[in-house]
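Visitor: after the sequence you'll find the predicted model.
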Amino acid sequence: MNTVKSITLTILLSLGAHCMAQDLIANQAPSDKKMHDISAVKLNRTIKADLSDPASDIYTNWTRSIRTEEGHVPANFKIDLRGFAMPTTSRQINSQFGRRWGKQHEGLDIKVYTGDTIRSAFDGKVRIVGWNGRGYGYYIVIRHPNGLETLYGHLSRQLVREDQIVRAGEVIGLGGNTGKSTGSHLHFETRLLGQPIDPSLLFDFPNQDVTGDFYTLRNRTITKGNLASTTVQQMAEQQQMREGAQLVSTDIPERAIEAAAAEEAAQDVATTVQSSKSKKSSRRSGRTSTYRVKNGDTLFQIARRHGTTVSKLCKLNGIKQNAVLRKGQVLRCS
C-alpha cells in the first residue's frame, strides 16, 4: 500500500513540474513576441534611413543621367537580392541581354501587354521619371540600398514621381509600347554605377524568383567620376557597406591613390595665389562667393573651378566629401 502511495505521489509531482514548466513557457511567449516587435521596429527605422539617400556609401551624385553616375565599389562586392519583388508576373523573355542588331542590348525584353502592372524590384528611391522617344519611351529609374539601379522602359504610363520613396512590389507604372519598340513589352535593366549587368544573372523570370540571396561582382572594381583621393579611400576602407555586403578585396592600386593625392596637393600649391586674391576681393566687396550646382557636377570639379580644395568646400558648407549633390543646390565657395 505504501508503495502504491509513493508511486502516486511521484506521478503527481511530475505532473505538477510539467505544468509549471508549461506555465513558464507560456509566460515567456509574450516577452519573445515583444522582443520580435522591437526588432521589427528597429529594422523598419533602418530601412527608412537608407531609403532617404539609398546607397550613399557607393554613389557620390544624384543626377538625371543614366550612364554617368559617380562612385566606387570594390572587387567581390556582394549585391543583396533579398527583399525582392518581380517587376512583372510575365515569364516570357522576348530578347536577352547582349549583342543585338549590331548594338549592345543592355537589358531584358519581357513580354507584357499595354496596361499590365509594373512593380519596383526592391525598396528604393525614384531617380528619373523620363521620356526618350528614340529609345526607352516613357521610363523610370530607381536607386536601391543594395547599390543596384533598375530601369523600366517602354511604359504606357508612369505612376511615380522623381525623389519618391517606393517599396518592393509597389506599382510604379503600366506596361506599354512607347519609344523605339516594335510591340508591347517591358525593357528591364539592372545597373551599378551606370554599368549594365545582365538582369538574368539576378532575376529568373521563367521561375519568378531571384537567382540567390546575393550576387557577387567577382574580381571587378568599378570607380567612376573625378573623386577626391580621400573619398575613394573612405569608400574602400568601409568593412561593411550594408547588411550582407562584404568587402573581400578593395583592389585599388596604391599608385592610383597616391597620384590622386599628389594632384590634390599640386592643385593646392597652384591655386594659393588665386585663392588669396579671391578672398581679398570678396572681403573688399563684402560678398560671399557661391555656386549653384548643375547636372553632373562633383565637389572636385567645383573646387578646381573656384580655386579651392574639396576639403575647404566641405568645411565651408558643413558637408562630407561623399555628400550627394543636388541640382540647384547652392554651395559657398569662399
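Guide: Everything's here; your move.
Visitor: now do the buried residues in stretch 297-305.
Guide: For stretch 297-305, burial by neighbour count (16 or more other CB atoms under 10 Å) applies to 297-300, 302-304. For the C-beta atoms, the positions are set from N, CA and C on the backbone; glycine is no exception.
Visitor: which of the three states applies to Leu331?
Guide: Using DSSP: H, G, I helix; E, B strand; the rest coil, the structure places Leu331 in strand.
Visitor: any stretches of the stretch 51-200 of the chain with poor pLDDT?
Guide: Residues of the stretch 51-200 of the chain meeting the criterion pLDDT under 70: 68.
Visitor: just to revisit the earlier point, so which of the buried residues of stretch 297-305 is the closest to Thr211?
Guide: Each of the buried residues of stretch 297-305 was scored against Thr211 by CB to CB, and Thr298 proved nearest at 34.2 Å.
Visitor: need the buried residues of stretch 297-305 in TSV (columns: distance to Val310 and secondary structure).
Guide: TSV is the format used below for these (distance: CB to CB, whole Å; DSSP: H, G, I helix; E, B strand; the rest coil):
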residue	distance to Val310	secondary structure
Asp297	12	coil
Thr298	9	coil
Leu299	5	helix
Phe300	6	helix
Ile302	8	helix
Ala303	5	helix
Arg304	9	helix
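Visitor: so how many other residues sit close to Ser200?
Guide: Ser200 is flanked by 17 other residues according to other CB atoms under 10 Å.
Visitor: now Asn146, what are its backbone angles?
Guide: phi -80, psi 0 (degrees, to the nearest 10).
Visitor: for it, which non-adjacent residue is closest in space?
Guide: The shortest distance from Asn146 to any non-neighbouring residue, by CB to CB, 6 or more residues apart in numbering, is to Asp80 (4.3 Å).
Visitor: the helices in this structure, which residues?
Guide: Per DSSP state H, the chain carries helices over the ranges 2-52, 229-237, 254-270, 272-285, 299-305, 310-317.
Visitor: average pLDDT across the fifth one?
Guide: Read it as helix 299-305. Summarised as a single mean, pLDDT over helix 299-305 is 78.
Visitor: and it, what does it pack onto?
Guide: In terms of contacts (3 or more CB pairs under 8 Å, 6 or more residues apart in numbering; DSSP states H and E), helix 299-305 is packed against helix 310-317.
Visitor: can you list the buried residues in the helix it packs on?
Guide: Of the residues in helix 310-317, those with enough neighbours to count as buried (16+ other CB under 10 Å) are 310, 313-314, 316-317.
Visitor: hmm, back to that, from the buried residues of stretch 297-305, pick the one nearest Gln329.
Guide: Checking these against Gln329 with CB to CB, the nearest one is Asp297 at 9.0 Å.
Visitor: tell me the bridge partners for Glu189.
Guide: Beta-bridge partners for Glu189, by DSSP bridges, are Leu151.
Visitor: got a list of what it touches?
Guide: For Glu189, the contacting residues are 106-108, 150-151, 153, 196, 199, by CB atoms under 8 Å, 6 or more residues apart in numbering.
Visitor: same deal with Gly179?
Guide: Contacts of Gly179 were listed using CB under 8 Å, 6+ apart, and they are 131-139, 153-154.
Visitor: I'd like to know which of those are part of strands.
Guide: With strands defined by DSSP state E, the entries of these inside them are 131-132, 137-139, 153-154.
Visitor: JSON lines for those, including distance to Arg67?
Guide: What follows is the ones in strands among the contacts of Gly179, written out as JSON lines (distance: CB to CB, whole Å):
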{"residue": "Trp131", "distance to Arg67": "17"}
{"residue": "Asn132", "distance to Arg67": "12"}
{"residue": "Gly137", "distance to Arg67": "18"}
{"residue": "Tyr138", "distance to Arg67": "19"}
{"residue": "Tyr139", "distance to Arg67": "13"}
{"residue": "Gly153", "distance to Arg67": "14"}
{"residue": "His154", "distance to Arg67": "18"}
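Visitor: just the buried ones from those?
Guide: Burial of these was assessed by neighbour count (16+ other CB under 10 Å); the buried members are 137-139, 153-154.
Visitor: which of these lies closest to Gly328?
Guide: Nearest to Gly328 out of these is Tyr139 (CB to CB; 22.8 Å).
Visitor: in stretch 75-91, what's buried?
Guide: Using 16+ other CB under 10 Å as the test for burial, stretch 75-91 gives 75-81, 83-84, 86-88, 90.
Visitor: dump those into JSON lines; add distance to Asn146 as well.
Guide: As requested, the buried residues of stretch 75-91 are arranged in JSON lines below (distance: CB to CB, whole Å):
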{"residue": "Ala75", "distance to Asn146": "17"}
{"residue": "Asn76", "distance to Asn146": "15"}
{"residue": "Phe77", "distance to Asn146": "10"}
{"residue": "Lys78", "distance to Asn146": "9"}
{"residue": "Ile79", "distance to Asn146": "5"}
{"residue": "Asp80", "distance to Asn146": "4"}
{"residue": "Leu81", "distance to Asn146": "7"}
{"residue": "Gly83", "distance to Asn146": "9"}
{"residue": "Phe84", "distance to Asn146": "9"}
{"residue": "Met86", "distance to Asn146": "16"}
{"residue": "Pro87", "distance to Asn146": "15"}
{"residue": "Thr88", "distance to Asn146": "20"}
{"residue": "Ser90", "distance to Asn146": "23"}
